[in-house]
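Peer 1: What follows is a predicted protein model with its sequence.
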Amino acid sequence: MWPARGTWIAQDLSMQNFDLDALQWPAMVATLIAAWWVASERKGRRSLGFWCFALSNVLWVAWGWHAHAYALVALQIGLFALNLRGLNKTSPSASPEERA
């Protein structure tokens, strides 16, 4: 017997939702790894931590948009802006006034 009309489409959409729902787990792992690396005394690891935080921001925004968690989306955009500010303040070319 053939499935009812439209059931294949519904199954495909539910799998798509599952894939987007699963984004929260790599986002969480990326956030934890980034926090570990940003706290490192090594400049290379701190830089890697920044980029890992940027990746986690993108993952959280994608998941938050899908889940209609717009406050989370706004938070991630704000955190990314703060990370850019921190990156600028810690760059070797930053003047003492910029670091304050």
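Peer 2: The structure has been received and is ready for your questions.

Peer 1: so where's this structure shaky on pLDDT?
Peer 2: For the chain, the stretches flagged by pLDDT under 70 are 1-18, 94-100.

Peer 1: show me what contacts Pro26?
Peer 2: Residues near Pro26 by Cβ atoms under 8 Å, 6 or more residues apart in numbering: Leu59. Backbone N, C-alpha and C define where each C-beta goes, glycine included.

Peer 1: residues making contact with the longest helix belonging to the chain?
Peer 2: Across the chain, the longest stretch assigned as helix under DSSP state H is helix 43-66. Residues from elsewhere that reach helix 43-66, judged by Cβ under 8 Å, 6+ apart: 17, 20-21, 23-24, 26-27, 30-31, 33-40, 69-70, 72-73, 76-77, 79-80, 83, 86-87, 90.

Peer 1: Just the buried residues of it, please?
Peer 2: For helix 43-66, a neighbour-count test (16 or more other Cβ atoms under 10 Å) marks 46, 48-50, 52-57, 59-64 as buried.

Peer 1: what's the burial count for Leu86?
Peer 2: Careful, residue 86 is Gly and not Leu. 14 (other Cβ atoms under 10 Å).

Peer 1: Now it: which helix or strand?
Peer 2: Assigned by DSSP states H and E, Gly86 falls within helix 70-89.

Peer 1: go on, Ala27?
Peer 2: Assigned by DSSP H and E, Ala27 falls in helix 24-38.

Peer 1: how distant is that helix from the center of its chain?
Peer 2: 8 Å (Cα atoms, centre = their mean, to the nearest Å).

Peer 1: Name the residues of it that come out as buried.
Peer 2: Using 16+ other Cβ under 10 Å as the test for burial, helix 24-38 gives Gln24, Ala27, Ala30, Thr31, Ile33, Ala34, Trp37, Val38.

Peer 1: Next up, the contacts around the third one.
Peer 2: Just to be clear, that refers to Ala30. The neighbours of Ala30, taking Cβ under 8 Å, 6+ apart as the test, are Cys52, Phe53, Leu55, Ser56, Leu59.

Peer 1: next one: the last one
Peer 2: Each residue near Val38 by Cβ under 8 Å, 6+ apart is listed here: Arg46, Gly49, Phe50, Phe53.
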